[in-house]
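> Using only what follows, build the 3D model:
(chains A and B)
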Amino acid sequence: MHFFQDPQFGNRIITLMAAFVLVLQIAMVGQRWLVTNIRVFAAQSFLLAGIANTIAYFNHAPHLYIAAFLTFTLKAVALPIVLERLVKRIDIGQEIAPLVNVPLSLLISGGLTTVGYVVAASFHRPEETMSAANLSVANLGHNTLAVAVSLFLIGFYMMITRRKAIMQVLALLSLENGLFLAAISLTYGMPLIVELGIFFDLLVAVMVLGILVYRIQETFDSMDVSKLSRLRG
Amino acid sequence: MNIILATLAQLLLFLIIAPLVTGVIRTMKARFQTRRGSPIWQPYRDLHKLLRKDMVIPDTASWLFSATPYVVFLTAAMVGLMIPMVAADAPLSLFGGVLAVVYLLALGRFFLALGGLDTGSSFGGLGSSREMTISAIAEPAMMVAIFTVAIAANSTNLSEVAKSAVGQSWRFLAPSQMLAFGAMFIVLIAETGRIPVDNPATHLELTMIHEAMILEYSGPYLALIEWGASLKQLVLMTLLVNTFFPFGLSPAWNAQGVAIGLAFYLIKIAIICCLIVMVETTNAKMRLFRVPELLAVAFILGALALISTFLF
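Purely as a prediction, here's the structure:
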């Protein structure tokens, strides 16, 4: 199949998947149900692993396969399972209660995406990469930087506006997805050891946060972090 | 001469296919829910029956009540002539193409809402206010989505849009196209009163929108409105398939090209019908106050599509 060798085709596929990652991020902002939110995050991580695989294939960067595999097993399978079990165990209300209502949040995240594009546009230098023979391979994945920047911004926004601690964990994870996307789209992956470090760091962070969320729930009978300002013996 | 023939052919095709599409969707939906359902030509029978019946016009109704069915029907038919259907050249092209399409549809909707208000019944006013609430958000979403395609084609003329897309392989894989398609699909569902937004199968329910506005209509007027509604549905579906997937559009109006174009067209419409039926059977109707959220999603998708045309 000739188009499997064609970097133009690879570029299309990567951009398309990046667009879907962005759509899923916005879906997370718009979604009201906790469990659905976790599943949307799993789907997003799955697509991210797909992007890493595609970049690895078209760029001949074999270490990215390992990063893709780790993204898939940890973020698309393991963490969602851990989080869903946590939700089941602490038996909280399913509906998330954001501080800002949903349509407005959607509009704000649309605005943040625009900011992301504007910021990323200043890194985009097509005239420099054009000089390399027919750009394609060198430019592969570069245009996903805008999506990555929008992912962090929306991730930050979700962390700020969500009351429930578990949603904030999810927002942190999606923010990290943005970081990973930026890393693979700009540099075809950080050195493997750094990525391994980040993955295990993340895994431990989620475990710790999970325990913390459980304790918050036990102590305050709620996961609303705005109640944490009260002292209680 | 040729242009007159083309106009007549496209008008006839639209008028004939529109009730059929409504019938096909209804039957498919029934089969999905393991019911037998009515035959697919049931809408023709309904129209035939309604056209022969007498009308009852409320005492309080003014001329607006009688003008509305004609306006609704004629705007839908006129929009049908401005969209490429089986050939890339649409027979009619008025002031700015896409803009005229959007505003002619808005004109029909405006009159329908007025007709609902005119009789002074509380149901009519309810339906009109809901319809206007929904369309106030659906309309910008639709415009943003169509502009995305228009920018890619450098023209707001729908024939030009369809022509520019021919021969660009992988074009529909571009993120802007996919996002705009998603936005347009949600708008299609909202504008045709399909399930997450409105239930087309109910006649008396507090949540109805379209049915509430036309509750006072009967006989030939009702036939015109129903026919106009199915025309509008087909027009929007055509707009969706032919701007995003213009495969098989005939470059000129000749017998062979039109035959092939028609075959492709029917296949594409059938696929869209399947999609609509799947959405309708797998979703529950939304609470009215949640509908703006769905449409906000459509608007954001459209806006993202527009942004990404400039960058990707």
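
> so B:Ala298 makes contact with B:Val187?
Yes: B:Ala298 is in contact with B:Val187 according to Cβ atoms under 8 Å; the separation is 5.6 Å. C-beta coordinates here come from the backbone N, C-alpha and C atoms, glycine included.

> Those two: which has the busier surroundings?
B:Val187 (29 against 25; other Cβ atoms under 10 Å in any protein chain shown).

> what about the one helix or strand A:Arg39 maps to, average pLDDT?
Taking DSSP states H and E as the definition, A:Arg39 sits inside helix A:34-59. In this model, helix A:34-59 has a mean pLDDT of 89.

> Any residue of it touching chain B?
No: Helix A:34-59 is not in contact with chain B by Cβ under 8 Å from any Cβ of the partner chain; minimum separation 12.5 Å.

> follow-up on the earlier one: spell out which residues are contacts of both of B:Ala298 and B:Val187.
Overlap of the contact sets of B:Ala298 and B:Val187 (by Cβ atoms under 8 Å, 6 or more residues apart in numbering or on different chains) consists of B:138, B:141, B:145.

> Now the last one: which helix or strand?
The secondary structure element spanning B:Ala145 is helix B:122-153 (assigned by DSSP H and E).

> how distant is that helix from the center of its chain?
Taking Cα atoms, centre = their mean, to the nearest Å, the mean C-alpha location of helix B:122-153 is offset from the chain mean by 11 Å.

> Quick check, the residue in the stretch 151-300 of chain B closest to chain A?
B:Pro175 (3.2 Å; Cβ to the nearest Cβ).

> Just give the closest residue to that residue, not the sequence neighbours.
Excluding the flanking residues, the one nearest B:Pro175 by Cβ to Cβ, 6 or more residues apart in numbering or on different chains is A:Ala19, at 3.2 Å.

> The one you found contacts A:Val147, correct?
Yes: counting by Cβ under 8 Å, A:Ala19 does reach A:Val147; the two are 7.0 Å apart.

> Counting neighbours around each, name which of those two comes out higher.
A:Val147 (32 against 23).

> Now do the same contact list for that one.
Contacts for A:Val147 were tallied using Cβ under 8 Å, 6+ apart; they are A:18-19, A:21-22, A:116, A:181.

> Drop anything exposed from the residues you listed.
Buried residues within those, counting neighbours by 16 or more other Cβ atoms under 10 Å in any protein chain shown: A:18-19, A:21-22, A:116, A:181.

> out of these, which one sits closest to A:Met159?
A:Gly116 (16.1 Å; Cβ to Cβ).

> give me the element residue 114 is part of.
No chain in the question, so chain A it is. Here A:Thr114 is assigned to helix A:102-121, by DSSP H and E.

> not what I meant, chain B
Using DSSP H and E, B:Leu114 falls in helix B:98-118.

> Run the angle between the biggest helix by length in chain A and helix A:34-59 for me.
Longest helix of chain A, by residue count under DSSP state H: helix A:192-220. Interaxial angle of helix A:192-220 relative to helix A:34-59 (axes from the mean of the first three to the mean of the last three Cα atoms, to 10 degrees): 180 degrees.

> elements contacting helix A:192-220?
With contacts taken as 3 or more Cβ pairs under 8 Å, 6 or more residues apart in numbering or on different chains; DSSP states H and E, helix A:192-220 sits against helix A:63-70, helix A:79-90, helix A:165-187.

> For the longest one, buried residues please.
Within helix A:165-187, the residues that qualify as buried are A:165-178, A:180-185, counting by 16+ other Cβ under 10 Å.

> Can you say which helix or strand has the residue nearest to B:Val197 when sequence neighbours are not counted in it?
Distance criterion Cβ to Cβ, 6+ apart; nearest residue to B:Val197, sequence neighbours excluded, is B:Ala190 at 4.7 Å. Per DSSP H and E, B:Ala190 falls inside helix B:175-191.

> Grab the CA positions of the worst-scoring helix or strand of chain B on mean pLDDT and hand them over as PDB.
Across the helices and strands of chain B, mean pLDDT, DSSP states H and E gives its lowest value to helix B:158-165, namely a mean of 81. Extracted in PDB, the C-alpha atoms of helix B:158-165 (Å, rounded to 0.1, in the frame of the first residue of the first chain):
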ATOM      1  CA  LEU B 158     -22.300  26.100  -3.200                       C
ATOM      2  CA  SER B 159     -21.700  24.900  -6.800                       C
ATOM      3  CA  GLU B 160     -18.200  26.200  -6.600                       C
ATOM      4  CA  VAL B 161     -17.700  24.600  -3.200                       C
ATOM      5  CA  ALA B 162     -18.800  21.200  -4.600                       C
ATOM      6  CA  LYS B 163     -16.600  21.600  -7.700                       C
ATOM      7  CA  SER B 164     -13.500  22.600  -5.800                       C
ATOM      8  CA  ALA B 165     -13.800  19.400  -3.700                       C
END
